[in-house]
Every structure is written in structure tokens, then in C-alpha cells.
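Peer 1: Generate coordinates for the sequence data below:
(chains A and B)
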There are 2 protein chains.
Amino acid sequence: MTGILTQLFDEARTFSYWQARPVPDELVEAAFELAFLGPTSANCEPLRLVLVRSPEAKQRLLPCVSSGNYEKVRTAPVTAIVAYDLKFFELLPRLYPHSDAGAWFTTNPAFAEETALRNSSLQGGYFILALRAHGLDCGPMSGFDAAKVDAAFFPEARWRTNFLLNIGYGDRSRLHPRLPRLSFDEVARWE
Amino acid sequence: MTGILTQLFDEARTFSYWQARPVPDELVEAAFELAFLGPTSANCEPLRLVLVRSPEAKQRLLPCVSSGNYEKVRTAPVTAIVAYDLKFFELLPRLYPHSDAGAWFTTNPAFAEETALRNSSLQGGYFILALRAHGLDCGPMSGFDAAKVDAAFFPEARWRTNFLLNIGYGDRSRLHPRLPRLSFDEVARWE
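Peer 2: Model (predicted):
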């Protein structure tokens, strides 16, 4: 495996402890640009992002996270709120101009939300790997109260939180051994 | 940007037309192994995979896809059914042994399914990039009847289809220009 693939998949780990080393804005923004090149259905690109790093914004976020994630979020240089736009389809005339794809969603909010969750998660996966490609470490988290985060950061109720993602330079000395992985033969098959 | 990152994100495109060149099993399986290293919440790894390539299995899949995707699926060397396990949490005692994480899901099927959709989509994103890292091209698709695919391939109703993914060596001569992408300033902010 080449060096960059080792960096993206193998050496990369989920971090809970962070070095006291700032995260340059331009690296995160470059990772965003890379991630947005990845495919989404009908090019819908529903991922939205709030990058929380000011003490004031951290104070709004911290009461929303589980006790097990509190210190991780408090100490991470940046915590991204990875969200999706419930009205992503309003942009489809621009993003997918050769078809009236917006009509698939306007009358079916449940289908729109499932599409937004699926595709913002795909984009979240691209973003994690793109951050790692830029030398940054990640700590994605689902342990938080999504309704509280939405109320604190998205009062207009158009964006909805998908997951949280700590970003920084991780402290490798405090990693645990990697947890087990399922094998191909257990969960996949050729037909 | 280094060569492999260009290959993963920038030169890579969503393909609809395929070269008459077979896909080695071992490349797809190696991409699977790489993708499963990526993070999921509580290490839940809900992605499940059926790799459709036999004429018989293609004949079962083709009636389930939209007219716009029919020829893409018919001609792709492999079409992966990217699915998730609704009972993924039964494996958590093995995958996340230090906590009783399974209890979060057993009494809440809606939360379990949202978790499965989110995390199998994250893993789907890792898988797309891992396939590209192994020199393969992808064509992910949401245009199909998921209930029909589930009935045709998952009669036991434990796995559920998330999206379809054509895999092969794409025909670059038939690519259209890349569709527009949203910019950081439009959909992200620092706080």
C-alpha cells in the first residue's frame, strides 16, 4: 500500500485526545473542497458544516454532547457540526440542470430527508478521508442530543445535525488498540 | 496535490459507460478491507454487500432499477448492492466489547435504522474511495426500487438496500463535464 493510503485508512485512527497544536483554517477548507468533489445522487451535495472553535460557540455546543464525549469536544481544536440541508433540492436547478430532479423531493419530505441523510453521510466519509489526506486527525461522534444542537445552531430549522467531528492533531500515545473489523466473508458475497 | 489524491478525488468521476475489461475479485475485496478500517459509531460496521456479476443475478437486479440506470447496470462488470444490517447491533458485544452499546438499539428500531443508514453510508463513501485507490471506477446510483431489490436479494428481510454501485473500468471518452460544486463560503462557516 502506498504511503498516502496507509495515512488515509491504516495508520489513521479515531482520536479522543489532542495535541496543543492549532488547526490551520486553510487545511480544513482545502479538505472541504476535496470532499465536495465526491459523488452524490443527482449531485445534490446536501452536506452543510459549522466549524466550532471559538470559546463562545464551544460553550453552546458542550451542553448538547454526552458525558463520554464532553472532554473530547472541550479539548478538540475544532468540532465540526456535520449537518444536512432539508431543502437541498432547492439548489438542484443549478447543481443538476439537465433534469427536473427537484420535483422528486418537493412533495415527499421523508424521501428528501432520507436522501439528505444518506448523501451527507457519504460526503462526511469523503470529508474524514480528505482531512486525513491533509495530515489532520478526526474523531467522529454520534453521542450527542441532535435536537439540542439543532436548536442551538440552526434556529431556522432548515439544517439538521447528522454527526459531530472533532478535528485536530491527535495524541497517538493515548490510543487504544484498534477494535476488531468484520471480514469480507462474513458480510459480503459475490452473486 | 499528490498523484493518489488526484486519482481519488479530482480525476475520479461517476461513470455510466464501461470498458470491456474484467474486474479482478481481489481488487474489490482489497477495497472492502480498506473501507472497513474507516470509523463508524461504536464501531458498528453496518455495511453489507452483494456483488452482482453473474448473468442470473443481473437478471434479478435489472427489473428493480430505473429506466435511466438500466443500461448502466446491464453493462457494468459488477453492480454492488450496498446494504445495511438492521440487526447490526447483535454484533456489538464483539465489535465494541467495552460497553453494552447494543442496549442503545434493541428497544428502538427507528434509531437503529437511522444509525445503520448513516454509518453504512459513511462506509459506502470509504468504499468508493478505496475502489478508486485500487484503480477501479465507480458509478453510484439511487435510481431504483429499494423494496424490489430487498425482495429479490434479501428475502429474510434483515438486510436493507442503501444504494447501488456500478464497479469497473470506466470509459472516459463518454464522460460529460463535471457538474458544479457548492463552495465553502456558501454552505460552511466558522464559529
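Peer 1: quick one: contacts for A:Gly38?
Peer 2: Counting by CB atoms under 8 Å, 6 or more residues apart in numbering or on different chains, A:Gly38 makes contact with A:122-123, A:126, B:9, B:125, B:128-129. Where C-beta positions appear, they are placed from N, C-alpha and C, glycine not excepted.
Peer 1: Adjacent strands (with direction) for the top strand by length along chain A?
Peer 2: Scanning chain A for the strand with the most residues, using DSSP state E, yields strand A:159-168. Each strand paired with strand A:159-168, and its direction, by DSSP bridges: strand A:78-85 (antiparallel), strand A:137-141 (antiparallel).
Peer 1: Make JSON lines from these and add mean neighbour count to it.
Peer 2: Shown next, in JSON lines, are these (neighbours: other CB atoms under 10 Å in any protein chain shown):
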{"stretch": "strand A:78-85", "mean neighbour count": "25"}
{"stretch": "strand A:137-141", "mean neighbour count": "23"}
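Peer 1: Columns mean pLDDT and distance to B:Thr161 on top of those, output as TSV?
Peer 2: Converted to TSV, these look like this (pLDDT from 0 to 100; distance: least, CB to CB, whole Å):
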stretch	mean pLDDT	distance to B:Thr161
strand A:78-85	98	20
strand A:137-141	98	24
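Peer 1: where do the helices sit along chain A?
Peer 2: A:3-5, A:25-35, A:55-61, A:67-75, A:92-95, A:103-106, A:109-133, A:146-153, A:184-187 (DSSP state H).
Peer 1: how about the longest one, does it get close to chain B?
Peer 2: The one in question is helix A:109-133. Yes: using CB under 8 Å from any CB of the partner chain, helix A:109-133 reaches chain B at A:114-115, A:117-119, A:121-126, A:128-130, A:133.
Peer 1: just to revisit the earlier point, tell me the angle the longest strand of chain A makes with helix B:109-133.
Peer 2: Per axes from the mean of the first three to the mean of the last three CA atoms, to 10 degrees, the angle that strand A:159-168 makes with helix B:109-133 is 50 degrees.
Peer 1: Keeping just the C-alphas, turn strand A:159-168 into CSV.
Peer 2: Output in CSV follows, covering the C-alpha atoms of strand A:159-168 (Å, rounded to 0.1, in the frame of the first residue of the first chain):
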residue,chain,number,x,y,z
TRP,A,159,-30.3,22.5,8.5
ARG,A,160,-30.3,19.3,10.7
THR,A,161,-27.3,17.8,12.5
ASN,A,162,-26.0,14.5,11.2
PHE,A,163,-22.9,13.9,13.3
LEU,A,164,-20.1,15.7,15.2
LEU,A,165,-16.5,15.5,14.1
ASN,A,166,-13.5,16.6,16.2
ILE,A,167,-10.6,17.8,14.1
GLY,A,168,-7.0,18.4,15.2
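Peer 1: gap between that strand and the chain center?
Peer 2: For strand A:159-168, the separation from the chain centroid amounts to 5 Å (computed by CA atoms, centre = their mean, to the nearest Å).
Peer 1: and the direction of it versus that of helix A:25-35, what angle?
Peer 2: Between strand A:159-168 and helix A:25-35, the angle comes out at 120 degrees (the same axes, to 10 degrees).
Peer 1: Single out the most deeply packed of the helices of chain A.
Peer 2: By mean neighbour count, with neighbours taken as mean count of other CB atoms under 10 Å in any protein chain shown, helix A:109-133 ranks first of the helices of chain A at a mean of 23.
Peer 1: quick one: that one to helix B:146-153, angle?
Peer 2: Going by the same axes, to 10 degrees, helix A:109-133 makes 70 degrees with helix B:146-153.
Peer 1: if I pick the most centrally placed residue in chain A, what's in contact with it?
Peer 2: Centroid check for chain A by CA atoms, centre = their mean gives A:Gly124 as the closest residue, at 3.8 Å. By CB under 8 Å, 6+ apart, the contact set of A:Gly124 is A:47, A:82, A:140, A:162-163, A:165, B:121-122, B:125.
Peer 1: Redo those residues as TSV? Include distance to A:Asp171.
Peer 2: Output for the contacts of A:Gly124, formatted as TSV (distance: CB to CB, whole Å):
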residue	distance to A:Asp171
A:Leu47	28
A:Val82	23
A:Pro140	17
A:Asn162	26
A:Phe163	22
A:Leu165	17
B:Ser121	29
B:Leu122	24
B:Gly125	26
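Peer 1: which one of the helices of chain A has the lowest average pLDDT?
Peer 2: Lowest mean pLDDT within the helices of chain A: helix A:3-5, a mean of 85.
Peer 1: And for that helix, what's in contact with it?
Peer 2: A:133, B:2, B:4-5, B:34, B:133.
Peer 1: Likewise for stretch A:107-122?
Peer 2: Contacts with stretch A:107-122, where a contact means CB under 8 Å, 6+ apart, come from A:38-41, A:44-48, A:82-89, A:104-106, A:160, A:162-163, B:114, B:117-119, B:121-122, B:124-125, B:128, B:140, B:142, B:162-163.
Peer 1: Find the closest residue to chain B in chain A.
Peer 2: A:Gly125 (2.5 Å; CB to the nearest CB).
Peer 1: Would you agree that residue is in contact with B:Gly125?
Peer 2: Yes: because the distance of 2.5 Å satisfies CB atoms under 8 Å, A:Gly125 is recorded as touching B:Gly125.
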